[in-house]
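Visitor: Let me see the structure of the following:
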Amino acid sequence: MISVLLLAFDVLLGIVTFFIVRSVMIWRSEKKEESIEVVDTLNDRDEKILKAIREGKNSLSEIMKATGMPKSTVYKGLQRLLKEGKIEAIREGKVTKYVISEEKSK
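Guide: Numbering: from 1, shown residues only. Got it, this is the predicted structure:
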């Protein structure tokens, strides 16, 4: 009799564990999707860089002057925007010009 009770308890414990683990896995996958959405948003610095490019400031130095940001910050922002496909780089001699991705095809 005791072994039957222990077996029933063991099965019940297994079922409860299964549903708890399943709930945690679903919750974690939902959190991962939320964090992916957050990554896709631009920060204020990226917005300033994009605004400067839209206003015709195409080189690194022009963007630095327009935004008031240091070279390293602008460069990192440009690299991030390039990676996300928001802008494209065009090499003109020794200078790299940056354009909004849609503008390059026009």
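Visitor: most remote residue from the protein's center?
Guide: Largest separation from the mean C-alpha position in the chain: residue 1, at 58.4 Å (C-alpha atoms, centre = their mean).
Visitor: what does the model give residue 5 for pLDDT?
Guide: Residue 5 carries a pLDDT score of 89 in this model.
Visitor: In a strand, it, correct?
Guide: No. Residue 5 is assigned helix when assessed by DSSP: H, G, I helix; E, B strand; the rest coil, not a strand.
Visitor: Return the distance of it relative to residue 18.
Guide: Separation of residue 5 from residue 18 (C-beta to C-beta, to the nearest Å): 20 Å. No exception for glycine: its C-beta is placed from N, CA and C like everyone else's.
Visitor: circling back to that earlier point, dump the residue contacts of the residue farthest from the centre of the chain.
Guide: Residue 1 makes no contacts at all, as judged by C-beta atoms under 8 Å, 6 or more residues apart in numbering.
Visitor: Distance check, it against residue 9.
Guide: Distance, residue 1 to residue 9, by C-beta to C-beta: 13 Å.
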